[in-house]
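**Q** Pasting the sequence and the predicted model now:
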Amino acid sequence: MVLLSFKVKTVPSCSIFTIKSNIYMNIASPITSQEIEFAPETIFIEESVSDHPLTLDTIRRFPNTPIQRNITYSDAVQMIQKNSSDVFGMGKRKLFLTRFKGSFLKKCPGISPGMVCCNYYVVNLLKNCTYDCSYCFLQDFLHNNPLLVAYVNIEDLISELDQVFRTYPERTFRVGTGELTDSLALDTVIPYSQQLIPFFNKQKNAVLELKTKSNRVENLLRQDSANNVIVSWSLNPQIVISREEKGTPSLKQRLEAAHLCANKGYKIGIHLDPIIIFQDWEKHYYELINSIFKVLSPAQIEWVSLGSFRYRNSLKKIIKERHKNNQLFTGEHVVSKDGKHRYLRPLRNQAYEKIRNFLKKISTDLNVYICMETKEVWEGVTGKMPRSDKKLDKFFDL
């Protein structure tokens, strides 16, 4: 991940706080989601976890869903390959319960040639996502491993984290669960948060980030404490959500959920990523930022990250095949140092600068960083590297 900021024209002084009381009255109402509750078409269960408590809890939630027991992952994939031309799309609807073997905790994969990366760790309890965003890298990354996989042995993860955090008490660990999935989209189906949050509440040198496009925060609101937990939302203008983020809750629903979590005491993260450049994009991102600060105060936001649309060449073909009406490739893209295609650097710099300025005019205290970008972009946008910024240095304390 990397830190950055947006540009704005001018934020009317009344737009954030004078009308906030009316907004809050509306936001405080219960969440009503237009999102369809996820129900798997088939549940595959690997033999080693057939009697695991989380397996049993999961299948109890879906008494009418067909179950295939004692099946291997490769056999399950072969079954769906025979029945669909869109194997990745079908795989999202097939839930495979298994055990994760090996070490859960890994360094953020943003450490790529030429890229600046922050001090971030990832753990993967899920693989694949119920949403179907046109730009999602998982379409390529999981092309041959398309099933929605849930690792039920969360007790092994907690044991591993406990040992690591105790072994390195002088370090601060930021741990995210949203690398290969959405952290909360399935939290009412497989409620990992109910064990992760109490564990992180007790840590002295670790924080948990739950990164999401979802509004499924019911389990979070039931927790006794929000200590050491950051709930972050990936946001885009509603026009982008409607066009490119299929199956996800609306911007309004996400902000309602963020407001409820902030009132519960959770720190909130905002990820404006991927930024999509299209006609009148400045106006739409300005409106997006204004919408954020109508329901959240700057003091409730731990950080804002910015990242532009990026992709490997192999993903472009998949996007065009699976999302016929996407508008991601209307501009010119060039290959960056890490092999991914991005908007031309002057366009990226301009977008980052404008969005940063939008944000900083609302509050100079906001921690804004750029995600997965080069040091040239960092220096071009901010005039310095994150290490020279006291507010950002803590994010990059490797």
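**A** Received the coordinates, thanks.

**Q** Report the separation between residue 371 and residue 346.
**A** To residue 346, residue 371 is 19 Å away according to Cβ to Cβ, to the nearest Å. From N, CA and C alone the C-beta is placed, and that goes for glycine too.

**Q** more neighbours, these two?
**A** Taking neighbours as other Cβ atoms under 10 Å, residue 371 and residue 346 compare with residue 371 leading, 25 against 9.

**Q** How about the more buried one, nearest residue that isn't a chain neighbour?
**A** Nearest non-adjacent residue to residue 371, counting by Cβ to Cβ, 6 or more residues apart in numbering: residue 307, 3.6 Å away.

**Q** Surely the one you found is within a strand?
**A** Yes - checked against DSSP: H, G, I helix; E, B strand; the rest coil, residue 307 lies within a strand.

**Q** Could you double-check that it lies in contact with residue 236?
**A** No - in terms of Cβ atoms under 8 Å, residue 307 does not count as a neighbour of residue 236; the distance is 11.4 Å.

**Q** which of those two has more neighbours?
**A** Neighbour count, other Cβ under 10 Å: between residue 307 and residue 236, residue 236 has more, with 26 against 23.

**Q** for residue 188, what are its contacts?
**A** Going by Cβ atoms under 8 Å, 6 or more residues apart in numbering, residue 188 touches 37, 216, 218, 219.

**Q** now the closest residue to the third one other than its chain neighbours: how far from residue 214?
**A** Just to be clear, that refers to residue 218. Using Cβ to Cβ, 6+ apart and skipping the chain neighbours, the partner closest in space to residue 218 is residue 188 (6.2 Å). According to Cβ to Cβ, residue 188 and residue 214 sit 9 Å apart.

**Q** Just the strands from the stretch 101-250 of the chain, written as ranges.
**A** Listed in chain order, the strands of the stretch 101-250 of the chain (DSSP state E, counting those that start in this stretch) span 106-107, 115-116, 121-122, 126-127, 132-133, 148-151, 173-176, 206-212, 229-234, 245-246.

**Q** Least confident of those, on average?
**A** Per-stretch averages of pLDDT across the strands of the stretch 101-250 of the chain put strand 115-116 at the bottom, with a mean of 52.

**Q** confidence score at the spatially closest residue to residue 333 that is not a sequence neighbour?
**A** Distance criterion Cβ to Cβ, 6+ apart; nearest residue to residue 333, sequence neighbours excluded, is residue 341 at 4.1 Å. As predicted, residue 341 sits at a pLDDT of 96.

**Q** Tell me what residue 341 is bridged to.
**A** Assessed by DSSP bridges, residue 341 has beta-bridge partners residue 311, residue 335.

**Q** circling back: ok, now which ones touch the residue nearest to residue 371?
**A** Neighbouring residues of residue 307 by Cβ under 8 Å, 6+ apart: 2, 4, 271, 272, 273, 274, 275, 370, 371, 372, 373.

**Q** Can you give me the pLDDT of it?
**A** For residue 307, pLDDT reads 94.

**Q** how far away is it from residue 65?
**A** According to Cβ to Cβ, residue 307 and residue 65 sit 36 Å apart.

**Q** what does residue 314 give?
**A** Distance, residue 314 to residue 65, using Cβ to Cβ: 33 Å.
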